[in-house]
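1. sharing a model prediction with you, sequence too.
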Amino acid sequence: MLKRPEGKPGTLVVLQHTSRVLKANPLGDPHVRKLAVWLPPGYESSAKRYPVLYDLVGFTGSGLSHVGWKPFGDNVPERAARLLREGKMGPAIFVFPDCFTALGGNQYVNSSAIGNYADYLTRELIPFVDAEFRTLASREHRGCFGKSSGGYGAILHAMKYAKYWGAVADHSGDAYFDFVYWHDWPNTLNELRKYRTRADPGTGKDDGRISRFLKKVWGKEKLSAAEGHCIMNLCMAATYDPDPRAPLGFRVPFNMDTGEVLPERWRQWRRHDPVNLVSRYRKNLKSMRGIYIDCGSRDQYHIHYGCRILSKRLSEERIRHVYHEFDDNHSDVDYRMDVSLPFLYRSLK
């Protein structure tokens, strides 16, 4: 029988937050959301203020998914409590936002097709948490971390929203879109073709098949692997190339019949690629008290190539950061937080 180590677990609080930013969002997702907050041992009995770490979960995740029971390992609060007991980091407050959407998630950015989730985090949740809890309420003591889509969100926020964050940790975050996304689009086009109608004029544009696909999967409880990857790519399209003039408020970057790339559309995606943003946001990145990046060397989405390029371009701009590559793939790598969370604490304490 697996036995958890002894020690004080801290306190998990689940609040309800009503968002003005997410109200009337284009997908009709809830604007009243649960927000989990973990308070370290000793919080209730002291008057101290603490650094704050925001957990940006990956695609299809929600903040609450990181505070539930986990087999053969620690959830994030348990991990933080253990690292504290082991003397590897000091006490900090952890915040677990719910940024799930009908498209399976988002990349923690503002999008007219999904909602303004960057504003939700920075303009609503940060002041809300600072008002409710004894935080060290400045960017120098506030950080964010995440894996995959959450890792992308962390590094992007270091670039674009540096006035809110002092340090970030990016685990296997989407980067180098030419490798990460391009190769999977043929499978997405194959899946969407199942929803083509005879009335399709054959222009390669959306004839309603995306809407029919979404209606189908929104009515299912279990998605196939192909459906899961398809909705993920549509979510990325809604994130990187929103267009209110398009039928569903976003464009796809390929001809849906021939598979030919649409250069103008793909340029929109590349404008959001972290490897292309380092030079533009070098001042913000240099202001960070800590930047941590890691990735498995066998990442099945090829993200290790993007992380290598990202680290290289940070080095070229003389931006201090830590980059680790480890022998694993994209899945089940929460154990890497044993490295990143102490790094963040040291950067923000």
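-> That came through, no problem.
2. where do the helices sit along the stretch 151-300 of the chain?
-> Assigned by DSSP state H, counting those that start in this stretch, the helices in the stretch 151-300 of the chain fall at 177-180, 185-193, 209-218, 225-240, 263-270, 282-286.
3. I'd like the distance from the third one to the chain centre, please.
-> Going back to what we said before, that points to helix 209-218. Averaging C-alpha positions (CA atoms, centre = their mean, to the nearest Å) puts helix 209-218 24 Å from its chain's average.
4. ok, and what's touching that helix?
-> Counting contacts by CB atoms under 8 Å, 6 or more residues apart in numbering, the residues outside helix 209-218 that touch it are 102, 191-197, 200, 223, 227, 230-231, 234, 247-248, 252, 256. To be clear about C-beta, it is placed using only N, CA and C from the backbone, and glycine gets the same treatment.
5. specify the angle between that helix and helix 185-193 in degrees.
-> Relative orientation of helix 209-218 versus helix 185-193 (axes from the mean of the first three to the mean of the last three CA atoms, to 10 degrees): 80 degrees.
6. do the fifth one as well
-> Using the same axes, to 10 degrees, the direction of helix 263-270 lies 110 degrees away from that of helix 185-193.
7. domains in the protein, by residue range?
-> The domain map for the chain lists 11-175+275-348, 179-270, with the assignment taken from automatic domain parsing.
8. and these as JSON lines, adding mean pLDDT?
-> Below are the domains of the chain laid out as JSON lines (pLDDT from 0 to 100):
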{"stretch": "domain 11-175+275-348", "mean pLDDT": "97"}
{"stretch": "domain 179-270", "mean pLDDT": "94"}
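9. just put those domains in CSV and tack on mean neighbour count.
-> Putting the domains of the chain into CSV (neighbours: other CB atoms under 10 Å) gives the following:
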stretch, mean neighbour count
domain 11-175+275-348, 19
domain 179-270, 16
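10. returning to that earlier point: now distance to Ile93 too, for the helices of the stretch 151-300 of the chain, in a markdown table please.
-> Written out in a markdown table, the entries for the helices of the stretch 151-300 of the chain read as follows (distance: least, CB to CB, whole Å):
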| stretch | distance to Ile93 |
| --- | --- |
| helix 177-180 | 32 |
| helix 185-193 | 39 |
| helix 209-218 | 35 |
| helix 225-240 | 28 |
| helix 263-270 | 35 |
| helix 282-286 | 24 |
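11. who wins for proximity to Leu22 among those helices?
-> Between Leu22 and those, the shortest separation by CB to CB is 15.1 Å, and it involves helix 225-240.
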